[in-house]
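> Sequence and predicted structure are below.
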Amino acid sequence: MNDPAPIRPSWCYSLLAIPGLLVGIGVFAYFLGNGLKSATATLTQVVVPGTAVLNVMSPASYTIFLERPSMVNGKIYSSSDSVDALTCNMTKQLPSQTSTESPRTAVTLRRPSVSLNYSLGNRAGRSVLEFQADEVVCITFRAATPREKKGQKLSLPLGPASAQGLP
């Protein structure tokens, strides 16, 4: 019998995949870069010592980062202090109640369950604390440095874990 010869495409056809692969890599890099920029842009930055008020609109897990260096309103903050020197506290209050109607309740801060690090442009940070907001609340976050470190300032960005791409 006469078996037909197998048809094999030329290896040159595989070169046609290269432009598609390069376009795919470029699109991935573009969306990854923009996603990281928007993730850090949604974080609330607190210059320590300082206070921030968060209006939590839906239950979420929040992460607090320590940034070194950081830029807030055009000013660069960088400190070599350890996070152990910080004192942080949070209180929550239902948004429908005024401060005279009900006392504030303390929010439990804990070490992060997942260690996150980022470096984007002139911002670099690592996760240092986290907390869970289980209801629609108004949270007041206060952070300070010890008295012997007065004058040194640093930035603590905080935001929901979903803003950082976490479940």
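Structure's in. What do you need? Numbering: from 1, shown residues only.

> which residue ranges form the helices in this protein?
17-41 (DSSP state H).

> Low-confidence regions, it specifically.
Within the chain, the ranges that satisfy pLDDT under 70 run 1, 35-42, 69-71, 76-85, 94-103, 122, 146-152, 161-167.

> 50 instead?
When residues are selected by pLDDT under 50, those of the chain lie in 163-167.

> which residues sit against the top strand by length along the chain?
Longest strand in the chain by number of residues (criterion: DSSP state E): strand 123-133. Residues from elsewhere that reach strand 123-133, judged by Cβ atoms under 8 Å, 6 or more residues apart in numbering: 40, 56, 59-71, 83, 88, 90, 92, 107-118, 139, 156-157, 161. From N, CA and C alone the C-beta is placed, and that goes for glycine too.

> can you do 7 Å?
Residues from elsewhere that reach strand 123-133 (Cβ atoms under 7 Å, 6 or more residues apart in numbering): 40, 56, 59-71, 83, 88, 90, 107-113, 115-118, 139, 157.

> what does stretch 104-111 give?
For stretch 104-111, the external contacting residues (Cβ under 7 Å, 6+ apart) are 88, 90-93, 129-131, 139.

> Export these as TSV, with columns for neighbour count and distance to Val47.
Formatted as TSV, the contacts of stretch 104-111 follow (neighbours: other Cβ atoms under 10 Å; distance: Cβ to Cβ, whole Å):
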residue	neighbour count	distance to Val47
Cys88	19	13
Met90	23	17
Thr91	15	19
Lys92	19	22
Gln93	17	23
Leu129	21	16
Glu130	20	20
Phe131	20	20
Ile139	20	18
